[in-house]
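**Q** could you look at this predicted model? Sequence included:
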Amino acid sequence: MIRPRPGEDGGGAAEDSRGLGPQGGVGKTTTAVNLAAASARAGRKTLLVDVDPQGSVGTSLGLPDGPGLGAWLLGDADFEDTVRATGRENLDAVAAGTDLLGAEDALREKGRRSG
Ligand SMILES: Nc1ncnc2c1ncn2[C@@H]1O[C@H](COP(=O)(O)OP(=O)(O)O)[C@@H](O)[C@H]1O
Ligand SMILES: [Mg+2]
């Protein structure tokens with residue numbers, strides 16, 4: 001996520017990709033990957049975290065297999081072990097992982113029980 005600069009409202013896709021909403025196939029992943037790559041190229045240490053169970057960030061960056069965000073949410077992996085090098089300087093990424101969908105369901109269920 002890119003935070004807006006002070007004085008900007010952050011509503012536009014250029015400042016914050018959350019502004020694009022949940023609709024599929026509108027370029028959210030492409031925007032996120034490109035913003036992350038641009039940030040890394042500008043010399044900022046950047047971590048791109050895929051929170052979409054579709055897992056397109058992993059595919060897009062050709063990330064190697066391994067535990068992803070879902071495994072961390074389920075308590076099956078340390079966060080450090082989900083962070084993968086992308087081969088680009090300053091850019092690391094956390095893939096969604098195949099268990100992110102299941103993790104979302106498990107957390108929702110947990111929230112309902114404790115809620
Ligand atoms: N600016 C663009 N011009 C042309 N094709 C694009 C553009 N942005 C995304 N796409 C293509 O549209 C498709 C969906 O993009 P994606 O970023 O995966 O969408 P989302 O994450 O919103 O589902 C992909 O095949 C992607 O390559
Ligand atoms: Mg996507």
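**A** On my side now, so go ahead. Ligands and ions are numbered 1, 2, ... in the order given.

**Q** make it CA atoms for all contacts and neighbour counts henceforth
**A** Will do.

**Q** just how off-centre is the host helix or strand of Ser60 within its chain?
**A** Using DSSP states H and E, Ser60 falls within helix 56-61. The chain centroid and the centroid of helix 56-61 are separated by 10 Å, computed with Cα atoms, centre = their mean, to the nearest Å.

**Q** buried set for it?
**A** Ser56, Val57, Gly58 (16 or more other Cα atoms under 10 Å).

**Q** all helices of this protein, in order?
**A** Counting by DSSP state H, the chain has helices at residues 28-41, 56-61, 69-73, 100-114.

**Q** now the shortest one: average pLDDT?
**A** Here the mean pLDDT over helix 69-73 is 96, rounded to a whole number.

**Q** then that helix to CSV, C-alphas only?
**A** Taking Å, rounded to 0.1, in the frame of the first residue of the first chain, the C-alpha atoms of helix 69-73 are listed here in CSV:
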residue,chain,number,x,y,z
LEU,A,69,0.3,-14.9,3.8
GLY,A,70,-2.3,-17.7,4.4
ALA,A,71,0.2,-19.9,6.2
TRP,A,72,1.2,-17.0,8.4
LEU,A,73,-2.4,-16.1,9.2
